[in-house]
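>>> My questions concern the predicted model and sequence given below.
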Amino acid sequence: MAQTSYEELFAKVQTKLTAEAKRLGPAIPYTPGPDGKYEDMAQKDITWWTNGFWAGTLWLMYNATKDPLFKETAEANETELDEAMTIYTGLHHDVGFMYQLSAVADYRLTGSERSKARGLHAAALLAGRYNPRGKFIRSWNRDRAGWVIIDSMLNIPLLYWARDTIDDPRFGYVAEDHADTVMQNIVRPDGSTNHIGIFDPTNGQLLDTPGGQGYGPGSSWSRGQAWALYGFALSYAHTQKQAYLDTAKRVASYFIANVETTGYVPLADFRAPATPVIYDTSASLCAACGLLEIEKHVGEFEKPLYHEAAVKLLQAVIDHYLDLDPATDGIVLGATPAYHDKLREVRLIYSDFYLVETLTRLLGKDFLIW
């Protein structure tokens, strides 16, 4: 798609997001309910892991447009999230998603000291989940002291930010130890990934790799692939550690090879039975952002591979999976939270976030949100 066409699409996205922001006010969306309208996660579950993605979308839009509506709505969301810290017990590794995209984004764009404090509070909480024997950050809560999930790779940029913001290398050490453990134990040699690694929390020995949100053990959950692709690219950007870029490229090659067979719309799992056919467009757009990140860090003759794959992933969504009607909630169709989830091919807030991030990257209107 030509640059002007991306501009036209961005204008339509802006119109719809403006309408949504006016409807929602301080409410935090996740997915539309049975009536087609967003439910307010601030009321339903303030510690829900996706509760930063709407604020992140708004900050991307504010940076690109300078429309104060986006800034004010994002700030209202950020204030709502204070209650999550008060509750505390529902929070886990996804404080990266929640506060990187809300408080840290706010601080980066406005210099708000209150937002900086929120971000540092979240970073301290995340670093506090570090297991020094296993050299990993534990995922989730309950009886899962040795569990690590691939999603965590997109939460640790919060630690790199904290490292740089207060000049404290401890945060970086925790992030790199965790990335190394994931790289060595959860990413497979062929570039596919497990969703979950279960470690002995007393010594770090890998015990099991269950299927998690994918089809089953040994399968290849596509959004997990996207988390890994983007997460390792970002870890390279924050550390210049070549092994992270090499890992991101290996996962990217595996992802591209698989989506090539399905018209650049990823299946929910790349290693699942032929039926039912389940797609996940959230994996498309997260991977597109990761591919554009890899493009920034490779040589001239490698760049087209990653750029063109990102554009093809975006174009497949544009062609078949967009609702730009300002009267409806949610833009991107076709997202699947997990292979066995009762929700299949629906509207999810993080799909819209990655759509906006992809567009702003391609238009040169983005900022360092990770």
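On my side now, so go ahead.
>>> Was I right to think residue 91 contacts residue 48?
No - if you go by Cβ atoms under 8 Å, residue 91 and residue 48 don't touch, sitting 10.2 Å apart. C-beta coordinates here come from the backbone N, C-alpha and C atoms, glycine included.
>>> what's in contact with the lengthiest helix in the chain?
Counting by DSSP state H, the longest helix found in the chain is helix 3-24. Here helix 3-24 makes contact (Cβ atoms under 8 Å, 6 or more residues apart in numbering) with 1, 29, 38, 40, 54, 57-58, 61, 64-65, 67, 69-70, 73, 318, 324-327, 329, 331, 352, 355-356, 359-360, 362-363, 365.
>>> hmm, back to that, residue 91 and residue 48: which has the busier surroundings?
Using other Cβ atoms under 10 Å as the criterion, residue 91 and residue 48 rank with residue 91 on top: 20 against 16.
>>> So for the more buried one, what's the nearest residue that isn't a sequence neighbour?
residue 47 (5.4 Å; Cβ to Cβ, 6 or more residues apart in numbering).
>>> Can you tell me the element that neighbour falls in?
Assigned by DSSP states H and E, residue 47 belongs to no helix or strand.
>>> ok, back up a step: buried stuff in the longest helix of the chain?
Residues 6, 9-10, 13-14, 16-18, 20-21, 24 are the ones in helix 3-24 that count as buried (16 or more other Cβ atoms under 10 Å).
>>> quick one: it to chain centroid distance?
With Cα atoms, centre = their mean, to the nearest Å as the basis, helix 3-24 stands 21 Å off its chain's centre.
>>> now do stretch 140-155
15 Å.
>>> If we go by neighbour counts, what in that stretch is buried?
140, 145-155.
>>> likewise stretch 174-186?
In stretch 174-186, counting by 16+ other Cβ under 10 Å, buried: 174-183, 185-186.
>>> quick one: which of those residues is nearest residue 220?
Top of the list for closeness to residue 220, among the buried residues of stretch 174-186 and by Cβ to Cβ, is residue 186 at 12.0 Å.
>>> Tell me the spacing between that closest one and residue 251.
In this structure, residue 186 and residue 251 are 11 Å apart, going by Cβ to Cβ, to the nearest Å.
>>> Mark which of the contacts of helix 3-24 are buried, thanks.
29, 38, 40, 54, 57-58, 61, 64-65, 67, 70, 73, 318, 329, 331, 352, 355-356, 359-360, 362, 365.
>>> Now do the same contact list for residue 59.
70-71, 74, 101-102, 105-106, 109, 369.
>>> which residue sits closest to the residue nearest to the spatial centre of the chain, ignoring its sequence neighbours?
In the chain, the residue lying closest to the centroid (Cα atoms, centre = their mean) is residue 154, at 5.8 Å. Leaving out its chain neighbours, the residue that sits closest to residue 154 by Cβ to Cβ, 6+ apart is residue 231, at 4.7 Å.
>>> That neighbour is in contact with residue 158, isn't it?
No - counting by Cβ under 8 Å, residue 231 stays clear of residue 158, with 11.9 Å between them.
>>> Low-confidence stretches in the protein?
Scanning the chain for pLDDT under 70 picks out the ranges 1-4.
>>> List the residues that contact residue 357.
With Cβ under 8 Å, 6+ apart, residue 357 has these contacts: 56, 60, 285, 289, 366, 369.
>>> Relative to residue 204, how far out is it?
Taking Cβ to Cβ, one finds residue 357 at 34 Å from residue 204.
>>> can you confirm the residue nearest to residue 154 is in a strand?
No - assessed with DSSP: H, G, I helix; E, B strand; the rest coil, residue 231 is helix; it does not lie in a strand.
>>> Just want to check the distance between it and residue 151.
8 Å.
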